[in-house]
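**Student:** Predicted structure and sequence below. I'll ask about it afterward.
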Amino acid sequence: MHDGFVLLKRERDLNDKERLLLDGWTKNYSELGAVYRLKEGFYGILYEGPSNPQTAIAAYEAWNEAVVPEVRNAYSDLIRAFTNWRPWIINYF
């Protein structure tokens with residue numbers, strides 16, 4: 001497996017070697033670390049988080065505010081999709 005694939009895996013699914021690789025990547029490239037933490041945060045909202053629409057909205061808004069300007073471009077498509085499909089996504093919760 002190429003080292004970069006570690007960034008695609010969920011943090012909870014990493015083995016010890018992959019955690020070490022991830023730690024190296026995120027410490028040497030701070031923006032990459034920010035993007036990875038945001039990815040994990042968004043997945044946390046969708047798959048492990050809120051159980052009702054109000055909590056889901058609050059969690060998403062907190063996540064959206066945490067997207068720093070330096071990496072906002074990496075998440076622009078996701079933010080736009082969530083905004084456009086918000087009623088249907090919130091119905092999921």
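**Tutor:** Yep, that arrived. Residues are numbered from 1 along each chain as shown.
**Student:** Which of the helices or strands spans the most centrally placed residue in the chain?
**Tutor:** Against the mean C-alpha coordinate of the chain, by CA atoms, centre = their mean, the closest residue is K39 at 1.6 Å. Using DSSP states H and E, K39 maps to helix 30-43.
**Student:** Show me what whichever helix or strand comes after that helix is packed against.
**Tutor:** With elements assigned by DSSP H and E, the helix or strand that comes after helix 30-43 is helix 53-66. Secondary-structure packing of helix 53-66 (3 or more CB pairs under 8 Å, 6 or more residues apart in numbering; DSSP states H and E): helix 30-43, helix 86-91. Quick note: C-beta positions are derived from backbone N, CA and C, even for glycine.
**Student:** What's the separation between the residue nearest to the centre of the chain and A66?
**Tutor:** Distance of K39 to A66, given as CB to CB, to the nearest Å: 12 Å.
**Student:** neighbours of I57, just the number please.
**Tutor:** By the criterion of other CB atoms under 10 Å, I57 has 15 neighbours.
**Student:** mind checking how far it is from G4?
**Tutor:** 33 Å.
**Student:** contacting residues for V71?
**Tutor:** For V71, the contact set (CB atoms under 8 Å, 6 or more residues apart in numbering) comprises E31, A34, V35, L38.
**Student:** Tell me the confidence at it?
**Tutor:** Here, the pLDDT recorded for V71 equals 92.
**Student:** Now restrict the contacts of V71 to buried residues only.
**Tutor:** A34, V35, L38 (16 or more other CB atoms under 10 Å).
**Student:** Where does pLDDT dip in the protein?
**Tutor:** 1 (pLDDT under 70).
**Student:** R10: neighbouring residues, count only.
**Tutor:** A total of 12 residues lie near R10 under the criterion other CB under 10 Å.
**Student:** Contacts only, for it.
**Tutor:** E40, Y43.
**Student:** Which phi and psi values does it adopt?
**Tutor:** phi -70, psi 150 (degrees, to the nearest 10).
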